[in-house]
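[1] how would this look folded up:
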Amino acid sequence: QVHVEESGGGVVQAGASLLLTCAASGRTFSYYDMGWFRQTPGKQRDFVAALSWSGGTTLYADSVKGRFTVSRGNAKNTVVLQMNSLRPEDTAVYYCAASGGAVSRDSRQYDYWGQGTRVTVSS
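    Below you'll find the predicted structure:
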């Protein structure tokens, strides 16, 4: 069992940066691949970024490539999503998820989900 919780959302202006943190508990957390997804009202949950448990593989949605970076955090059992050059279209609730299978863009591969943290980017 893995519990995940996101933090770091907020309201920022276009062009600003935010750092989202995913804190996880569970003694096997180190072996889970981690993903970030986002969702806006009335739309499906979209893939943003993912990190393999080894750190050797990262995946990004085309819309965030070059602006967002996913990595293991400095604190134990954390994964961070550094978001730079934010745009109004990045406004969404961001979810962190853990996969016991393979690192993937497919939300169905993820077993554990956080409650989400809201990011609002104003123009």
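
[2] So in terms of bridging, what pairs with the most centrally placed residue in the chain?
    Centroid-nearest residue in the chain: Trp36, 2.5 Å away (criterion: CA atoms, centre = their mean). With DSSP bridges applied, Trp36 shows beta-bridge pairing to Ala49, Cys96.

[3] State the distance from it to Ser7.
    13 Å (CB to CB, to the nearest Å). All C-beta atoms are positioned from the backbone trio N, CA, C, and that covers glycine.

[4] shared neighbours, these two?
    Leu20 (CB atoms under 8 Å, 6 or more residues apart in numbering).

[5] what about the strands in this protein?
    According to DSSP state E, the chain carries its strands in the segments 3-7, 10-13, 18-25, 33-39, 46-51, 58-60, 68-72, 78-83, 92-99, 112-113, 117-122.

[6] I'd like to know which of the ones you listed is closest to Asp106.
    Asp106 lies closest, by CB to CB, to one member of the strands of the chain: strand 46-51, at 7.5 Å.

[7] ok, back up a step: of the strands of the chain, which approaches Arg105 most closely?
    Across the strands of the chain, closest to Arg105 is strand 46-51 (CB to CB), at 4.3 Å.

[8] buried residues in that closest one?
    For strand 46-51, the neighbour count (16 or more other CB atoms under 10 Å) marks 47-51 as buried.
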